[in-house]
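Chemist: A structural model of the following input is requested.
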Amino acid sequence: MIRKLISRVFRSKKPKAGHSEPAVIPVSSHGITRDRLSSGSRRTCETLQAAGFKAYVVGGAVRDLLIGAEPKDFDVATDATPEEVKRAFRRSRIIGRRFQIVHVMMGQEVIETTTFRGQLDANTKKDEHGRVLHDNVFGTQAEDAARRDFTANALYYDPGTETIIDYHHGVGDLKARTLRMIGEPRARYREDPVRMLRAVRLAAKLGLSIDPEAKKPIRDMAGLLENVPAARLFDEMLKLLTSGHAVKCITQLRDEGLHHGLLPLLDVILEQPMGEKFVMLSLANTDERIRKGKGSSPGFLFATLLWHEVLAHWDKMKAKGEAKIPALFQAMDNVLDVQGEKLAITRRIAGDIKDIWALQPRFEQRAGKRPYALLEQPRFRAGYDFLVLRAQAGEIDMEVADWWTRFQQADGEQRATLLMPEQAGDKKRRRRRKKPATATVDRGNAE
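Modeler: I've put the predicted structure just below:
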């Protein structure tokens, strides 16, 4: 009884979704000084404020600074319209259809600047499932805060006063390590189903627990992801895989039942012991690289996620009598075509994925001149890293990966001693390739 009473008292102190009087938290309480911001975001706010507008660093940057993380981006929210923002900055451009934003270029930095969004009403364009399709309705800062997804993302930092404006108890929720939805979760997920993926990603990345009210509907509403444009799903998947916590994200996606709607093949892969080990090794490797500040390749990541489905298709093709290499290329196309129905993998990234896959049979060739030629391939390093993962997962013999490690590190004479003996079939194939050239020369001499 006492616990319930205490719980009700604490809940009653939290602002409601429609609450318009925010908490104004001074720097003496939150500890974030303006020099912690990027110079571009600081100058964007200063320029807009000097022109008579309100302007704040908003969302993820404020959230990350509060928990001691390094923000990736610094976004700005303002009461200036996109056209007014564009007029204030010579190097800027308006982008977006669903909701217009302005990219303000400050040196090498691009500051995403948004106008405060207004409340949704009966005229807001939605699809039959409730997803918002068109949203260029501007409003007050309080309305903008209510439109944001989680309380931890509805925080506004004023560089001029070094205060944080908090409408929805976001700072308190962060202290409690809780990711809480603003408004009724089911309605918010219908407006934008990607919020379900974002909840999983942010909880994993920031070490937060998803509030039970926000977590409960996710499994039931996962099917709404079917109606999200492929390009948005791809962007969200990239953020998830490059968060530095991809292993935890993928595990939680599966726990919440979201992987079926996100990557149609991921549930199949993770049900295969060999496939799951391979994927998790790859994600753990990527997480480690990102946490050390190293780069990551989207092509490499997706190549690992989809490889075991390629293997399954490849085996089927070869069983039907298809030659080894043509069978591999058919399998690659089949898998990427299926995946393209859900994720808008760009042509460039799809090309990188195919390059990595296509190199794998060539690592079997360790005799003659072919190993030297493979070293010269632009995608050799990515292909080699992929080969090592396959060996670590037990898909191929580790001896193959170890040989390529020694071969690329050796000098000229040492490399020659590492080469494997050529097989009779290799010599015959080389002679067959030379015959047409010889015949052409003979005809030329006869003429």
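Chemist: if I look at Asp173, how far off is Asn153?
Modeler: For Asp173, the distance to Asn153 equals 10 Å [C-beta to C-beta, to the nearest Å]. For the C-beta atoms, the positions are set from N, CA and C on the backbone; glycine is no exception.
Chemist: and for Lys277?
Modeler: Lys277 sits 35 Å away from Asn153, going by C-beta to C-beta.
Chemist: more neighbours: which of these two?
Modeler: Legend: neighbour count by other C-beta atoms under 10 Å for Lys277 and Asn153, higher for Asn153 (19 against 16).
Chemist: so that one touches His168, yeah?
Modeler: No - assessed by C-beta atoms under 8 Å, Asn153 is found out of contact with His168, at 9.5 Å.
Chemist: now what about the helix or strand harbouring Gly40, what contacts it?
Modeler: Using DSSP states H and E, Gly40 sits within helix 39-50. The contact list for helix 39-50, computed with C-beta atoms under 8 Å, 6 or more residues apart in numbering, reads 34, 54-57, 61, 74-76, 78, 80, 85, 88-89, 104, 106-107, 109-111, 113, 158-160.
Chemist: what subset of those is buried?
Modeler: Burial by neighbour count, 16 or more other C-beta atoms under 10 Å: within the contacts of helix 39-50 this picks out 34, 54-57, 61, 74-76, 78, 80, 85, 88-89, 104, 106, 110-111, 113, 158-159.
Chemist: care to break this protein down by domain?
Modeler: Domain ranges of the chain: 23-176, 288-426, per automatic domain parsing.
Chemist: out of those, deepest packed?
Modeler: domain 23-176 (a mean of 18; mean count of other C-beta atoms under 10 Å).
Chemist: so how far does that one reach from one end to the other?
Modeler: One end of domain 23-176 to the other measures 17 Å (C-alpha to C-alpha, to the nearest Å).
Chemist: when you give positions from now on, start the count at 16
Modeler: With the count now opening at 16, the last piece we talked about shows up as domain 38-191.
Chemist: mean confidence for that domain?
Modeler: Taken as a whole, domain 38-191 has an average pLDDT of 91.
Chemist: stretch 257-272 now?
Modeler: Computed over stretch 257-272, the mean pLDDT rounds to 86.
Chemist: which parts of it are buried?
Modeler: The neighbour-count check on stretch 257-272 (16+ other C-beta under 10 Å) flags 257-269, 271-272 as buried.
Chemist: and the helix or strand harbouring Arg269, what does it pack against?
Modeler: Element membership for Arg269, per DSSP H and E: helix 261-270. The helices and strands touching helix 261-270, judged by 3 or more C-beta pairs under 8 Å, 6 or more residues apart in numbering; DSSP states H and E, are helix 209-221, helix 245-256, helix 274-277, helix 281-285, helix 288-306.
Chemist: deepest-packed of those, please.
Modeler: Most buried of the helices and strands packed on helix 261-270, by mean neighbour count (mean count of other C-beta under 10 Å): helix 209-221, with a mean of 23.
Chemist: I am finished for the moment; much appreciated.
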